[in-house]
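Trainee: structure for this input, please:
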Amino acid sequence: MREQISATVQDIAHDVVVAPSARVIGDEVYIGPGAVIEDNVKIQATRIEIGYGVAIQERCELGGLRKAAELIRIGDFSFIGHDTTVVVPTLVVGDYTAIHNHVLINGYKPCRIGHNSFIGQHSVLNAAEALTIGNNFRMALNGYIWTHAESGELLEGCTFYQQSPTVVEDNVWLTGCNISISPGVRLGNGSIILMGSVVTKDTLPRHCYGGVPARDLTERMKPYRDLSMSEKVAMMKEFVREFRSVNDDVDEESIVFYRDAAAVSDPDNAKIVILEESGPVAMGKEVSVFSIADKSYIKQRTEIEERFMRFLVGARARFIPVA
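Mentor: As a prediction, the model looks like this:
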């Protein structure tokens, strides 16, 4: 592995797998346990941080425009599909985020993507200006998010010119293929955009939009319903029952529910504690603590925690690690 990784300072876990044809080049390189970097991958940045269990498939290139990036940071248990190209000065990706094959992320400014996100194949994330994408973002294949429009010749009087940061808040879902987000747009928390839409204006939180240009369709298509805490707890208990049914080694003592942290006297043999009405409180380094109330959890990177998160993160529930 010494030939594949070139760094002045490096901290590489003992079980990291780097293919012989891969190259990781930086001043500082940190790679967590269980990470896999496949054939013909090239990563070049001043600082490289690759988290626990990250998988980067073959023929990916991650770096800056015509030079090394400043920072490449990929969070725990995230995935980058084959033939993905990243050309930005800074790429920050959260935990449990999947960037599928043949995605292009390019531009002169930073691109930041939150936890539990999904970028479909053949999509483009443009960062000519800063592109910020929050947690729990979902984007189907052939999607496009732009921060610039600047190909018309200004000397000839072209008025189609714009460079503006684009912001995607938490919990946004681009539901199908061929959706385009225009430069300078802010997608509000929980916005849902329908297939084939072109979004040219800011969207409201938890509203539904569709069309070219996209219009607010919330009155016709209500995307959310309000859930009481008792309904959320009942749903989480059903998710846990389903999780146990497909994981025979997880018994009833492994995952337990409490009303709040004050109600916990001793988690005994619990590996996951789920609090219903209070934020998470540390209960030992082997116990992962989840809060339904604020959708956060204390990350321990245990094997059962990883399995539980992967089970939940698709459409059931998405929790954000406590900083």
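Trainee: give me the neighbour count for D266.
Mentor: Per other CB atoms under 10 Å, the neighbour tally for D266 reads 7. C-beta here means a position set from N, CA and C on the backbone, and glycine is covered the same way.
Trainee: report pLDDT for it.
Mentor: Reported pLDDT at D266 in the predicted model: 71.
Trainee: equivalent analysis for R2, please.
Mentor: Reported pLDDT for R2: 67.
Trainee: and what of A315?
Mentor: Looking at A315, its pLDDT stands at 94.
Trainee: just the C-alpha atoms of stretch 248-261, please, in CSV.
Mentor: The C-alpha trace of stretch 248-261 is given here as CSV (Å, rounded to 0.1, in the frame of the first residue of the first chain):
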residue,chain,number,x,y,z
ASP,A,248,-31.6,-13.2,13.7
ASP,A,249,-28.7,-12.3,16.0
VAL,A,250,-30.5,-9.2,17.3
ASP,A,251,-32.5,-10.1,20.4
GLU,A,252,-35.0,-8.0,22.2
GLU,A,253,-32.4,-6.8,24.8
SER,A,254,-30.2,-5.4,22.0
ILE,A,255,-32.5,-2.5,21.1
VAL,A,256,-34.6,-0.9,23.8
PHE,A,257,-37.0,2.2,24.0
TYR,A,258,-37.2,4.7,26.8
ARG,A,259,-39.4,7.8,27.2
ASP,A,260,-36.4,10.0,27.8
ALA,A,261,-32.9,9.9,29.2
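Trainee: which residues does that stretch contact?
Mentor: Applying CB atoms under 8 Å, 6 or more residues apart in numbering, the contact partners of stretch 248-261 are 233, 236-237, 240, 243-244, 264, 267-281, 304, 308.
Trainee: buried ones in that stretch?
Mentor: Neighbour-count burial for stretch 248-261 flags V250, S254, I255, V256, F257, Y258, A261 (criterion: 16 or more other CB atoms under 10 Å).
Trainee: for the second one, give me phi and psi.
Mentor: Right, the one you point to is S254. Torsion angles at S254 (phi, psi; degrees, to the nearest 10) stand at phi -70, psi -30.
Trainee: distance-wise, check it relative to S265.
Mentor: 18 Å (CB to CB, to the nearest Å).
Trainee: and for the first one?
Mentor: Computed with CB to CB, the distance linking V250 and S265 is 22 Å.
Trainee: over to the third one?
Mentor: Per CB to CB, I255 is found 17 Å from S265.
Trainee: and what of the fifth one?
Mentor: To S265, F257 is 14 Å away according to CB to CB.
Trainee: least confident secondary structure element in the protein?
Mentor: strand 162-163 (a mean of 85; mean pLDDT, DSSP states H and E).
Trainee: strands paired with it, and their directions?
Mentor: The pairing partners recorded for strand 162-163 under DSSP bridges are strand 148-149 (antiparallel).
Trainee: list the contacts of the partner strand.
Mentor: Here strand 148-149 makes contact (CB under 8 Å, 6+ apart) with G107, N126, A128, E129, F160, Y161, Q162, Q163, S164, S182, P183.
Trainee: now do the same for the second one: its pLDDT.
Mentor: Reading off the confidence values, N126 has pLDDT 98.
Trainee: can you pull the contacts of the closest residue to it other than its chain neighbours?
Mentor: Once flanking residues are discounted, N126 sits nearest to W146: 4.9 Å by CB to CB, 6 or more residues apart in numbering. W146 sits next to V124, N126, A128, T166, S180, I181, S182, P183 when contact means CB under 8 Å, 6+ apart.
Trainee: go with 7 Å
Mentor: With contacts defined as CB atoms under 7 Å, 6 or more residues apart in numbering, W146 is in contact with N126, T166, I181, S182, P183.
Trainee: same check, this time on M309
Mentor: Neighbours of M309 in contact, by CB under 7 Å, 6+ apart: Y96.
Trainee: confirm it sits in a helix?
Mentor: Yes: under DSSP: H, G, I helix; E, B strand; the rest coil, M309 sits within a helix.
Trainee: from F239, how far off is it?
Mentor: 12 Å.
Trainee: now swap in Q44 and tell me
Mentor: In terms of CB to CB, Q44 sits 41 Å off from F239.
Trainee: also K222?
Mentor: The value you get for K222 to F239, if CB to CB is used, is 24 Å.
Trainee: and these two? which has more neighbours close in?
Mentor: Looking at K222 and F239 with other CB under 10 Å, you find the greater number of neighbours at F239, namely 17 against 11.
Trainee: helix, strand or coil for that one?
Mentor: Of the three states, F239 takes helix under three-state DSSP.
Trainee: please flag which of the buried residues of stretch 248-261 sit within strands.
Mentor: The members of the buried residues of stretch 248-261 that map onto strands under DSSP state E are I255, V256, F257, Y258.
Trainee: still on that earlier bit, ok, the contacts of strand 148-149 vs V199, which is closest?
Mentor: The nearest member of those to V199, counting by CB to CB, is S182 at 6.2 Å.
Trainee: just give me the neighbour total for the nearest residue to the closest one once chain neighbours are set aside.
Mentor: Distances taken as CB to CB, 6+ apart place T200 nearest to S182, at 4.7 Å, with adjacent residues excluded. Close neighbours of T200, defined as other CB under 10 Å, add up to 14.
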